[in-house]
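> quick one, fold the following:
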Amino acid sequence: MFELNNLAEAGRFFLVIAGELVLLFIGITFLVGLLQEFIPPETIQRILTRQKKIIGNIIGAALGALTPFCSCSTIPILVGLLNGGAPFGAAMSFLVASPLLNPVILGLFLSLLGLKVTAVYAGITFLAAVFTGLLWEKLGLADQYKKVVIRRGCCSEGMEEIAATAEPVTLNIKFKRAGGMAWSLFRQVFPYLLLGAAIGAFIYSFVPESLVIKLAGPGNPLAVPVAALIGIPMYIRAETIIPISAVLLGKGMSIGAVMALVIGGAGASIPELIILASIFRRKLVVAFVITILAVAALAGYFFNLVF
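Numbering: from 1, shown residues only. Predicted structure coming up:
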């Protein structure tokens, strides 16, 4: 009877959280699609190539939050920025901010973890992106870019078909493109949303709180760095890990370990590192990994201190 009750509870949790995630994702990606119709990659490149230090880093981090949601679409834009003459530091701020600060992550944080946590997360990751660009430029890592050319991003297939028949570009067409982008991304991310909801439902109903507290509770000082370390090889999308993190937080996992896991997982992944290794030399790839791990760990300890 106990297991049947737990199974029914897991099913109810799964349906509720999956429904919320689907509605949130479609709504936010549609709004982002509209935003990108008015601020396309060409505009981002034009803006960044005119900026000086610090201001360029701030603008690069801010524009990074408006880009698509996976590394395979962010990196072609990054290559276009660098080849087009954008300052190296500003482009690196864009690279770091893009996967950590996109509106989908912030929307899921706001819905599942609240305004205060979302605001602190956004502040920390934004400052980290700005500082990283400044530091890497100061360290002279600009010569670690290989100056390659990427002819086509893997996420542009659906949008290219729409663009081919989109002359002239009216407001109505921009709305249609935004809807097409939201649907295209939703089809890619939908399995990850369901996976996150399913794992979250399993943890919610079957994993004892005492076990979570023992392994990753506030009393375990190693929980934060360990969570940051396991985030990268997990290769789990933010849309998956955030609902899982919300459940782990409810089960007693420290908020610092949760944030370290999210930043490590969303900030870098093994496939992303493989792509970066094709455009960066080894020293810059190593700097990227160390930076994401450091940001994840420091942010985790800061969250434990504040909340």
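
> just give the nearest non-adjacent residue to residue 245, would you?
residue 258 (4.5 Å; CB to CB, 6 or more residues apart in numbering). (Each C-beta comes from the backbone N, C-alpha and C, glycine too.)

> show me what the one helix or strand the one you found maps to is packed up against.
Assessed by DSSP states H and E, residue 258 sits inside helix 255-267. Secondary-structure packing of helix 255-267 (3 or more CB pairs under 8 Å, 6 or more residues apart in numbering; DSSP states H and E): helix 88-101, helix 115-138, helix 223-234, helix 238-251, helix 282-306.

> most packed of these?
helix 88-101 (a mean of 27; mean count of other CB atoms under 10 Å).

> between it and helix 255-267, how big is the angle?
Interaxial angle, helix 88-101 versus helix 255-267 (axes from the mean of the first three to the mean of the last three CA atoms, to 10 degrees): 120 degrees.

> quick one: residues in contact with the very next helix or strand once past helix 88-101.
Following helix 88-101 in sequence order, the next helix or strand is helix 103-113 (DSSP H and E). Outside helix 103-113, the residues that touch it by CB atoms under 8 Å, 6 or more residues apart in numbering are 20-21, 24-25, 28-29, 31-32, 65-66, 69, 117-118, 121-122, 238-239, 242-243, 245-246, 249, 266.

> repeat for stretch 299-307
116-117, 120-121, 124-125, 128, 218, 224-225, 227-228, 254-260, 263.

> run the last query once more with 6 Å
124, 224, 254-256, 259-260, 263 (CB atoms under 6 Å, 6 or more residues apart in numbering).

> these two touch, right, residue 128 and residue 295?
Yes: the criterion here is CB atoms under 6 Å, and residue 128 meets it with residue 295 at 4.5 Å.

> output the lowest mean pLDDT helix or strand found in the chain.
In the chain, no helix or strand scores lower on mean pLDDT, DSSP states H and E than helix 157-163, which sits at a mean of 43.

> circling back: for the next helix or strand after the helix holding residue 258, C-alpha coordinates in PDB please.
Later in the chain than helix 255-267, the nearest helix or strand by DSSP H and E is helix 270-279. Backbone C-alpha positions of helix 270-279 (Å, rounded to 0.1, in the frame of the first residue of the first chain) are rendered in PDB as follows:
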ATOM      1  CA  ILE A 270      31.600  17.600 -22.300                       C
ATOM      2  CA  PRO A 271      30.000  18.100 -25.800                       C
ATOM      3  CA  GLU A 272      30.400  21.900 -25.400                       C
ATOM      4  CA  LEU A 273      34.000  21.400 -24.500                       C
ATOM      5  CA  ILE A 274      34.600  19.300 -27.500                       C
ATOM      6  CA  ILE A 275      33.100  22.100 -29.700                       C
ATOM      7  CA  LEU A 276      35.100  24.700 -27.900                       C
ATOM      8  CA  ALA A 277      38.300  22.700 -28.400                       C
ATOM      9  CA  SER A 278      37.700  23.000 -32.200                       C
ATOM     10  CA  ILE A 279      37.900  26.800 -32.000                       C
END
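
> tell me what helix 270-279 is packed against?
With contacts taken as 3 or more CB pairs under 6 Å, 6 or more residues apart in numbering; DSSP states H and E, helix 270-279 sits against helix 71-83.

> and the helix it packs on, which residues are buried?
71, 73-82 (16 or more other CB atoms under 10 Å).

> using JSON lines, lay out those residues together with pLDDT and distance to residue 275.
Shown next, in JSON lines, are those (pLDDT from 0 to 100; distance: CB to CB, whole Å):
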{"residue": "71", "pLDDT": "54", "distance to residue 275": "6"}
{"residue": "73", "pLDDT": "62", "distance to residue 275": "11"}
{"residue": "74", "pLDDT": "72", "distance to residue 275": "10"}
{"residue": "75", "pLDDT": "76", "distance to residue 275": "5"}
{"residue": "76", "pLDDT": "73", "distance to residue 275": "10"}
{"residue": "77", "pLDDT": "76", "distance to residue 275": "13"}
{"residue": "78", "pLDDT": "82", "distance to residue 275": "10"}
{"residue": "79", "pLDDT": "81", "distance to residue 275": "10"}
{"residue": "80", "pLDDT": "77", "distance to residue 275": "15"}
{"residue": "81", "pLDDT": "81", "distance to residue 275": "15"}
{"residue": "82", "pLDDT": "85", "distance to residue 275": "14"}
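
> local confidence estimate at residue 292?
Looking at residue 292, its pLDDT stands at 91.

> surely it meets residue 269?
No: when contacts are counted by CB under 6 Å, residue 292 is not listed as touching residue 269 (9.8 Å).

> residues near the closest residue to residue 252 other than its chain neighbours, how many?
Among residues not flanking residue 252 along the chain, residue 213 sits closest, at 3.8 Å (CB to CB, 6+ apart). If you count neighbours by other CB atoms under 10 Å, residue 213 ends up with 16.

> surely residue 213 touches residue 250?
No: taking contacts as CB under 6 Å, residue 213 lies outside contact range of residue 250: 11.5 Å.
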